[in-house]
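In: I would like to see how this sequence folds:
(one chain, ligands or ions: 1)
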Amino acid sequence: DFGSVSTDPEKHDVEYLTPISIGTPPQDLIVDFDTGSSDLWVFSTEMAASDIKGQTVYDPSNSSTSQILQGSTWEITYGDGSSSSGDVYIDTVTIGNLTVPNQAVEAAKKVSSEFTEDPNNDGLLGLGFTSINTVQPTPQNTFFDNIKESLDARLFTADLKHGAPGSYNFGYIDPAAYIGNISWTPVDNSQGFWGFTSPGYAVGTGAFRNHSMTGIADTGTTLLLLPKSVVSAYYKEIQGAEYDSDQGGYVFPCSPTPPDFVFGVNNGIVTVPGDMVSYAPVDTANQNCFGGIQRDTGIGFSIFGDVALKTSFVVFDAGGLQLGWAAK
Ligand SMILES: NCc1ccc(-c2ccco2)nc1
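Out: Below you'll find the predicted structure:
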């Protein structure tokens with residue numbers, strides 16, 4: 001078995017939103033697939049109306065196949081400080097043509113303002129490892145964990161694009177989706193993430209610098225967050241770039257286009273084109289841009305978020321416990 005679903009970027013590629021169906025008859029919601037977490041939670045009819053501003057909500061009482069998971073609750077806080085919590089139903093969930101009949105669907109009772117103020121995002125679908133699922137007293141499987149035995153290959157791929165629809169495929173590697181070879185690197189899932197270590201980096205056409213960067217492949221984080229020393233080495237090459245504490249990161253003149261950023265994956269490399277490093281203008285005159293590469297200070301590891309992932313075709317291989325990166 002295998003499947004595919006389209007994923008669309010919000011403005012500035014801040015997040016990628018993907019359609020799923022829950023319940024009988026199917027309720028269609030659009031959620032953020034997040035390889036950096038492992039809860040499938042959705043806006044629901046159990047929330048206060050004041051916390052809902054445009055989102056589509058899951059109504060378990062309108063699904064003939066929903067069953068409350070008695071006594072179970074969940075609560076999650078993300079790296080950006082956003083959070084949500086609620087209770088749990090078992091119901092049928094379909095992604096593309098793939099269906100899990102007994103998927104734990106975490107219905108929100110509360111969400112933080114960041115989610116309320118994000119009208120197009122109806123929830124998150126975690127694609128991390130089940131070990132960090134927050135349901136108590138018994139952690140619940142992710143959609144991928146529930147479906148993976150029935151897939152032709154125990155993997156999914158992320159093909160995120162800059163300002164254009166991309167796709168998540170389950171159970172197969174589409175040879176038409178990438179060019180050249182896939183660079184494979186082992187995954188450390190001991191913290192529940194798709195963790196790996198990059199051997200180093202280069203700035204523009206400069207020499208490759210050996211510098212281990214241990215981090216996670218995280219579709220649910222917008223930017224590429226790296227060690228302070230690597231980030232300052234990069235921005236040193238951009239005329240007028242500076243760390244702006246008001247903006248909370250490096251800002252630089254939107255033109256000329258900044259240099260490419262290259263990072264290693266095993267004995268291969270991934271190139272973030274300079275025009276993808278300019279994340280978004282910080283002023284209406286569009287003179288200065290907020291950088292897509294920023295410090296990972298305080299996190300404890302680097303985060304290879306959408307700015308890194310959208311340059312590549314990325315294979316999340318649970319069977320081989322490895323990540324594959326290819327150009328496209
Ligand atoms: N890395 C997980 C994650 C994903 C989305 C969000 C989010 C906040 C507001 C809208 O979306 N926060 C954290």
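In: make it CA atoms for all contacts and neighbour counts henceforth
Out: OK.
In: for this protein, which spans come out with low pLDDT?
Out: When residues are selected by pLDDT under 70, none of them lie in the chain.
In: Quick check: residues of it near the ligand?
Out: 36, 78, 80, 82, 114-115, 118, 220-221 (CA under 6 Å from any ligand atom).
In: Now which of the residues you listed would you call buried?
Out: Among these, the ones that count as buried by 16 or more other CA atoms under 10 Å are 36, 115, 220-221.
In: Pipe those residues into JSON lines and attach secondary structure per row.
Out: Output for these, formatted as JSON lines (DSSP: H, G, I helix; E, B strand; the rest coil):
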{"residue": "Gly36", "secondary structure": "coil"}
{"residue": "Phe115", "secondary structure": "helix"}
{"residue": "Gly220", "secondary structure": "coil"}
{"residue": "Thr221", "secondary structure": "coil"}
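In: Can you name the two of the residues you listed that sit furthest apart?
Out: Gly36 and Phe115 (16.8 Å; CA to CA).
In: For Tyr58, give its distance to the ligand.
Out: Between Tyr58 and the ligand the computed distance is 17 Å (CA to the nearest ligand atom, to the nearest Å).
In: ok, which pair from the residues of the chain next to the ligand is furthest apart?
Out: Most distant of the residues of the chain next to the ligand, by CA to CA, are Gly36 and Asp118, 19.0 Å apart.
In: so which helix or strand takes in Val105?
Out: Element membership of Val105 [criterion: DSSP states H and E] is strand 98-111.
In: which other residues reach that strand?
Out: 2-3, 39-44, 46-48, 51, 58, 74, 83-94, 140-143, 146-147 (CA atoms under 8 Å, 6 or more residues apart in numbering).
In: For it, which strands pair with it and how are they oriented?
Out: Strands adjacent to strand 98-111 in the sheet, as given by DSSP bridges, are strand 40-42 (parallel), strand 83-95 (antiparallel).
In: What helix or strand is the most centrally placed residue in the chain located in?
Out: The residue lying closest to the centre of the chain (CA atoms, centre = their mean) is Thr219, at 1.6 Å. Under DSSP H and E, no helix or strand contains Thr219.
In: just checking, it touches Thr18?
Out: No - counting by CA atoms under 8 Å, Thr219 sits too far from Thr18 to count as a contact (11.9 Å).
In: hey, what's in contact with both of those two?
Out: Here Thr219 and Thr18 have Phe33 as joint contacts, going by CA under 8 Å, 6+ apart.
In: mind checking the longest helix of the chain?
Out: helix 228-235 (DSSP state H).
In: What are the neighbouring residues in contact with Ala49?
Out: Not one residue lies near Ala49 by CA under 8 Å, 6+ apart.
In: hmm, back to that, quick check: neighbours of the following helix or strand past the longest helix of the chain in the sheet, parallel or antiparallel?
Out: Counting by DSSP H and E, the next helix or strand C-terminal to helix 228-235 is strand 242-244. Paired strands of strand 242-244, with direction, are strand 249-253 (antiparallel) (DSSP bridges).
In: Now do the partner strand against helix 228-235: the angle between them, please.
Out: Orientation check (axes from the mean of the first three to the mean of the last three CA atoms, to 10 degrees): strand 249-253 against helix 228-235 gives 10 degrees.
In: which residues are contacting strand 249-253?
Out: 235, 238-244, 287-291, 294-295.
In: For Gln322, name its beta-bridge partners.
Out: Where Gln322 sits in a bridge, its partners, by DSSP bridges, are Pro186, Asp317.
In: Isn't it up against Ser183?
Out: No - with contacts counted by CA under 8 Å, Gln322 stays clear of Ser183, the gap being 10.0 Å.
In: For Val14, which residues are in contact?
Out: Contacts for Val14 (CA under 8 Å, 6+ apart) come out as Thr222.
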